[in-house]
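> Provide a 3D model corresponding to the input given below.
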Amino acid sequence: MATALEFAQKAGELFTLPDIVIRLQDLIESDSATVDDISEVVMLDPALTAKILKLANSPLYNFSAQIDTVSRAISVIGMAELFNLALATSAVSSVSENVKDVDIDYFWQVGVHCGLIGRELASACKVRKKEKLFVAGLLHDIGQLVALENNAELTQQVLMDTSGEMPWKKQQEVFGFSWAECGAELLKLWKLPADLWIPVAEQHALAATGNKEQDLFAAIIHIASRAANQTLMTTLPAEKHLDYTATIAEIAWQTTGLQEEQLAEAVGFAQMEAINVISIICPSSAAVI
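Model prediction:
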């Protein structure tokens, strides 16, 4: 049986980030890049520019004044946060174009709900890099698409399972690893920072890394992913209903310091805003909600 890395390497030949995201990443990591430098790169892609400005003007940020330029967006949300929005929208477009034999609309609905819940929980935890939690949540299950590209038959076996076993346990049983692991390997191949791929990799195991921030991020995604799946459960056939919230580990509550009431508030926010976000970053999926 192939490893999670081998799955990611094969899928990585198909799922690639656009050149503009790579260029933005290089600029963000540069000590000399200016707001104008980044604005010029973003504006090379009119579709990406439009999506970023729509997100900046959405209730996600709730700014009182209209954000009508990329440079203005950078000044109010920051360079790193703008990169994360560009990464999110670009990854959705790139991956969706190359996926078949899966309900991609439902996939992104769960991802957006997870990202929004994660972002709100990050705010409750006073995390400064909350946009990274949105991206990590959005891409938390991208390993499903990696698995599908490598072995559609086994992937469908997991997706169609009605035994009542939790999906990540079934994945481990069928593949020898969870989709979280191969999803994280793809994010590493994309050269994304550790505080993006580690929460994806550790969302089920919650293994202590010795880095408090990374452990916090993983715990937030652990909670958010289960809450997102629970929220959208009613759209699935009754035989596939599972109690995801019952699997939230006590260590996740302890690590985050969150209360169930805060999770309920985050879920409520996600339910209100998901349609707006989906309509911006993956409009075809918004049409089926």
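
> Determine the set of other helices and strands touching whatever helix or strand Ala218 lives in.
In this assignment (DSSP states H and E), Ala218 forms part of helix 212-231. Using 3 or more C-beta pairs under 8 Å, 6 or more residues apart in numbering; DSSP states H and E, the elements in contact with helix 212-231 are helix 104-124, helix 130-138, helix 194-201, helix 250-256, helix 260-281. Bear in mind the C-beta positions are built from the backbone N, C-alpha and C, glycine included.

> Check the secondary structure at the residue lying farthest from the centre of the chain for me.
Largest separation from the mean C-alpha position in the chain: Ser32, at 29.0 Å (C-alpha atoms, centre = their mean). Here Ser32 is recorded as coil under DSSP: H, G, I helix; E, B strand; the rest coil.

> quick one: it and Phe269, what's the gap?
Separation of Ser32 from Phe269 (C-beta to C-beta, to the nearest Å): 38 Å.

> Then Leu206?
Distance, Leu206 to Phe269, by C-beta to C-beta: 24 Å.

> can you check Phe83 too?
Phe83 sits 23 Å away from Phe269, going by C-beta to C-beta.

> These two: which has the busier surroundings?
Regarding Phe83 and Phe269, a neighbour count based on other C-beta atoms under 10 Å identifies Phe83 as having more, with 22 against 17.

> how far is stretch 109-123 from where the chain is centred?
Put simply, stretch 109-123 sits 8 Å off its chain's centre (C-alpha atoms, centre = their mean, to the nearest Å).

> Extract the CA atoms of that stretch and return them as CSV.
Only the C-alpha atoms of stretch 109-123 are listed here, as CSV (Å, rounded to 0.1, in the frame of the first residue of the first chain):
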residue,chain,number,x,y,z
GLN,A,109,-19.8,23.6,2.0
VAL,A,110,-18.2,21.6,4.8
GLY,A,111,-14.9,23.2,4.2
VAL,A,112,-16.3,26.7,4.3
HIS,A,113,-18.3,26.0,7.4
CYS,A,114,-15.2,24.5,9.1
GLY,A,115,-13.1,27.6,8.1
LEU,A,116,-15.7,30.0,9.4
ILE,A,117,-16.2,28.2,12.6
GLY,A,118,-12.4,27.9,13.1
ARG,A,119,-12.0,31.6,12.4
GLU,A,120,-14.6,32.5,15.0
LEU,A,121,-13.1,30.1,17.6
ALA,A,122,-9.7,31.6,16.9
SER,A,123,-11.1,35.1,17.7
